[in-house]
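Engineer: Return a 3D structure for these sequence lines:
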Amino acid sequence: MLVWTGVATDTRVLREASALVAAGDTVHVIGRGVPTDYRPPHGVTVDSAGRPPAAQTRGRDLTAPERLARWALLPVHVRRRLERWQAEAEELARRAAADAPFGVVHAHDFTALPVGARLAGEWDLPLVYDTHEYWVGRPVEGRPAPWRRRREAATEDALGRRAAAVVTVGEGVAGALRADHPGWPEVTVVHNTFPVRTDLPPATSPPRAFVYAGRLAADRELEVIAAASRDLPGEVVLRGPADAEWLGRFDPGAARVEAAAPLEVVDNELLAAGAALVTHSDRWPNHRLAMPNKLFHAVSLGVPVVATDVGELGAAVRRHGLGTTYRPGDAADLVRAGRELVARHAELTAQVLAAREELSWEHDAAVLVRLHERVRGR
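Structural biologist: Residues are numbered from 1 along each chain as shown. You can find the predicted model right below:
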């Protein structure tokens, strides 16, 4: 597996790797800037190429001139870092293959696809392209670079045609990929679901707090949550890894901002609160197609959600009765949805519990394992 993340907190990559180990494989993951003290799950080994993102190591907020320079130069900076990572990852993969030949190359996201395609072609192995988002519709960071986006779209189309299989996170992204790339193999959906937790107490009912558990950064409706925080019927908690530059300008209102914590801590916090906030902006196509991890995390615990009524997210919440929805950007409607969730909490909790079997990692892990068996002809 190749992935341009630190692996240690990438729940999708680790969950997929562990599912393949449980099916009898060993998995070697090459990530980016992996913490030196990280210990991977049983049956998984990890190598690290490149350095972690600068925002994770920055010790101070940027000045206004520095922010302007970052905005202008970020596309060039990201491209150079990515190219360095790709070169190092390719070399590490070749060294690892010399010790134990691989059976499949599994590239996570477009950033790893060129390396994965080269190695799969060189070793005559099946390539699995696992895209965690609709790459051409993702948010733009820094100065717009339309020509680069067009080149990336053309590269993704060409390299995706070489794959034995394409995997993505939801039906919305899958539909967009099928429309954009008619020459690709069939696109298989493996959701970002979580294992069902039946060993934990039930969620607090009625809820006493609303918890957002995820990255704290732009385009996540956090400003709307802050504006609604004084009027929601319970405490509001925003917990997760933060974009330091964004957080320095963020006014949380009455919400409490907390640092990222281990999964078991977040599990207990969500259960004690009784309600989860699953929010996305309506600004980018990728957000309209995305199915956030936060939704499936709450479902695995039996916790109803207040979700932004955006694309696939809003449709999934309504289809399975997982909670209430509000209009994107509308703090007053978020308050209304929060009050409705409190009033209907017992009913919504029962619906979440009923949906857990279908929206579980046990279900999606089986899909992933069958796909790998198919591409290897087993």
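Engineer: Please make it C-alpha for all contacts and neighbour counts, starting now.
Structural biologist: Will do.
Engineer: mind listing the strands for the stretch 151-300 of the chain?
Structural biologist: For the stretch 151-300 of the chain, the strands defined by DSSP state E, counting those that start in this stretch cover 165-168, 187-189, 209-213, 235-239, 256-258, 276-278.
Engineer: Could I get those strands in a markdown table, plus columns for mean neighbour count?
Structural biologist: What follows is those, written out as a markdown table (neighbours: other Cα atoms under 10 Å):
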| stretch | mean neighbour count |
| --- | --- |
| strand 165-168 | 24 |
| strand 187-189 | 18 |
| strand 209-213 | 26 |
| strand 235-239 | 23 |
| strand 256-258 | 15 |
| strand 276-278 | 29 |
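Engineer: can you put those in JSON lines and add mean pLDDT and distance to Glu223?
Structural biologist: Shown next, in JSON lines, are the strands of the stretch 151-300 of the chain (pLDDT from 0 to 100; distance: least, Cα to Cα, whole Å):
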{"stretch": "strand 165-168", "mean pLDDT": "97", "distance to Glu223": "29"}
{"stretch": "strand 187-189", "mean pLDDT": "97", "distance to Glu223": "31"}
{"stretch": "strand 209-213", "mean pLDDT": "98", "distance to Glu223": "12"}
{"stretch": "strand 235-239", "mean pLDDT": "98", "distance to Glu223": "11"}
{"stretch": "strand 256-258", "mean pLDDT": "97", "distance to Glu223": "12"}
{"stretch": "strand 276-278", "mean pLDDT": "98", "distance to Glu223": "13"}
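Engineer: now these as JSON lines including distance to Arg356?
Structural biologist: Below are those laid out as JSON lines (distance: least, Cα to Cα, whole Å):
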{"stretch": "strand 165-168", "distance to Arg356": "20"}
{"stretch": "strand 187-189", "distance to Arg356": "17"}
{"stretch": "strand 209-213", "distance to Arg356": "19"}
{"stretch": "strand 235-239", "distance to Arg356": "24"}
{"stretch": "strand 256-258", "distance to Arg356": "28"}
{"stretch": "strand 276-278", "distance to Arg356": "16"}
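Engineer: Which among these is found nearest to Ala350?
Structural biologist: strand 276-278 (15.2 Å; Cα to Cα).
Engineer: from the chain's centre, how far out does the closest one sit?
Structural biologist: 15 Å (Cα atoms, centre = their mean, to the nearest Å).
Engineer: Please apply the same query to stretch 107-126.
Structural biologist: 21 Å.
Engineer: Need the distance between the two termini of stretch 156-172.
Structural biologist: 18 Å (Cα to Cα, to the nearest Å).
Engineer: start the count at 21, not 1, going forward
Structural biologist: Right, with 21 as the first residue, what we last looked at is stretch 176-192.
Engineer: residue contacts, the most centrally placed residue in the chain?
Structural biologist: Nearest to the geometric centre of the chain sits Asn313, at 5.8 Å (Cα atoms, centre = their mean). Residues in contact with Asn313, defined by Cα atoms under 8 Å, 6 or more residues apart in numbering, are Asn212, Thr213.
Engineer: same check, this time on Val256
Structural biologist: Per Cα under 8 Å, 6+ apart, neighbours of Val256: Ala229, Phe230, Val231, Tyr232, Ser249, Ala274, Ala275, Arg276.
Engineer: Can you mark which positions in the helix or strand encompassing Leu139 are buried?
Structural biologist: Using DSSP states H and E, Leu139 sits within helix 129-143. Residues Asp129, Phe130, Thr131, Ala132, Leu133, Pro134, Val135, Gly136, Ala137, Leu139, Ala140, Trp143 are the ones in helix 129-143 that count as buried (16 or more other Cα atoms under 10 Å).
Engineer: least trustworthy helix or strand in this structure by mean pLDDT?
Structural biologist: The weakest-scoring helix or strand in the chain, judged by mean pLDDT, DSSP states H and E, is helix 74-77 (a mean of 50).
Engineer: before we move on, the earlier item: and of the buried residues of helix 129-143, the nearest to Arg376?
Structural biologist: For these, the nearest to Arg376 is Asp129 (27.1 Å; Cα to Cα).
Engineer: Now do the same contact list for the closest one.
Structural biologist: Val23, Tyr149, Asp150, Thr151, His152, Glu153, Trp155.
Engineer: quick one, what contacts the nearest residue to it once chain neighbours are set aside?
Structural biologist: Nearest non-adjacent residue to Asp129, counting by Cα to Cα, 6 or more residues apart in numbering: Thr151, 4.2 Å away. Listed by Cα under 8 Å, 6+ apart, the contact set of Thr151 reads His128, Asp129, Phe130, Val186, Val187, Thr188, Val189.
Engineer: What of Pro72?
Structural biologist: Contacts of Pro72 by Cα under 8 Å, 6+ apart are Thr25, Gly26, Arg52, Gly53, Val54.
Engineer: Can you tell me which of these comes closest to Leu220?
Structural biologist: Distance ranking of the contacts of Pro72 against Leu220, using Cα to Cα, places Gly26 first at 29.0 Å.
Engineer: The closest one contacts Ile50, correct?
Structural biologist: No - taking Cα atoms under 8 Å as the definition, Gly26 is not a contact partner of Ile50, at 9.2 Å.
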